[in-house]
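Engineer: here are the coordinates; sequence isn't available:
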């Protein structure tokens, strides 16, 4: 009964069942922000994210997420900063073109709320991270008619723990991350 209520609360217009969704790189973003010497808050985003989400509204704990974030697609609105972030001082995109995330545990923690634990690999460093996830929708996509899922997630990371800590702590070690994902079941 609880699973049925959860499905109805998401506005399902189709039969709720386990599905594997392909992340839409055109409607998925990873946004970040950090303090620059305590003077300003710099924001940026990564686009072109790919991967897949498996989700069953009747059993959220069986969900999984795999995502690849192309680090060269960083955009802060400042070309010189984007280039510097891609250098060996930070992401070193020549050696490490992508950051990778793979979930290891998913927990339902409230109405349309999940806690997703997984491993983030950045450069040659792997670290466990926890994403706080808000399910936005689980419905047929208005354009394609295929089952789709949308969610927002957030977390906070420490750059020094991921091997990209240059200039810390003057440039803040803490980076706030916000993620928005749209994913659709691929065409048969």
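Structural biologist: Ah, there it is. Since the structure is predicted, the reported quantities are computational estimates derived from the model, not experimental observations.
Engineer: only C-alpha atoms for contact and neighbour calcs from this point on.
Structural biologist: Noted.
Engineer: which stretches of the protein aren't confidently modelled?
Structural biologist: 1-16 (pLDDT under 70).
Engineer: helices of that one, start to end?
Structural biologist: 2-9, 79-86 (DSSP state H).
Engineer: show me what contacts residue 85?
Structural biologist: The contact partners of residue 85, by Cα atoms under 8 Å, 6 or more residues apart in numbering, come to 74, 91-92.
Engineer: same deal with residue 120?
Structural biologist: 99-102, 126-129.
Engineer: now, the residues you listed that are in strands?
Structural biologist: 99-102, 126-129 (DSSP state E).
Engineer: now these as JSON lines including neighbour count and distance to residue 153?
Structural biologist: Output for the ones in strands among the contacts of residue 120, formatted as JSON lines (neighbours: other Cα atoms under 10 Å; distance: Cα to Cα, whole Å):
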{"residue": "99", "neighbour count": "20", "distance to residue 153": "17"}
{"residue": "100", "neighbour count": "19", "distance to residue 153": "16"}
{"residue": "101", "neighbour count": "22", "distance to residue 153": "13"}
{"residue": "102", "neighbour count": "20", "distance to residue 153": "14"}
{"residue": "126", "neighbour count": "17", "distance to residue 153": "19"}
{"residue": "127", "neighbour count": "13", "distance to residue 153": "17"}
{"residue": "128", "neighbour count": "13", "distance to residue 153": "15"}
{"residue": "129", "neighbour count": "17", "distance to residue 153": "12"}
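Engineer: closest to residue 167 among the contacts of residue 85?
Structural biologist: Ranked by distance to residue 167 (Cα to Cα), the contacts of residue 85 are led by residue 91 at 13.9 Å.
Engineer: got the phi/psi numbers for that closest one?
Structural biologist: Residue 91 has phi and psi values of phi -80, psi -30 when expressed as degrees, to the nearest 10.
Engineer: tell me how many other residues crowd it.
Structural biologist: 22 (other Cα atoms under 10 Å).
Engineer: how about it: what's its closest non-neighbour residue?
Structural biologist: In this structure, residue 91 finds its nearest non-sequential neighbour in residue 85, 6.0 Å apart by Cα to Cα, 6 or more residues apart in numbering.
Engineer: and residue 170, by the same measure?
Structural biologist: Nearest residue to residue 170, sequence neighbours excluded (Cα to Cα, 6+ apart): residue 37, at 4.9 Å.
Engineer: next up, phi/psi of that neighbour, please.
Structural biologist: According to degrees, to the nearest 10, residue 37 has phi 60, psi 20.
Engineer: tell me how far it lies from residue 171.
Structural biologist: 5 Å (Cα to Cα, to the nearest Å).
Engineer: so between the two, which is more surrounded?
Structural biologist: Between residue 37 and residue 171, counted using other Cα under 10 Å, residue 171 has the larger neighbour count: 20 against 13.
Engineer: thinking again about what came up before, give me the common contacts of residue 37 and residue 171.
Structural biologist: With Cα under 8 Å, 6+ apart applied, the contact sets of residue 37 and residue 171 do not overlap.
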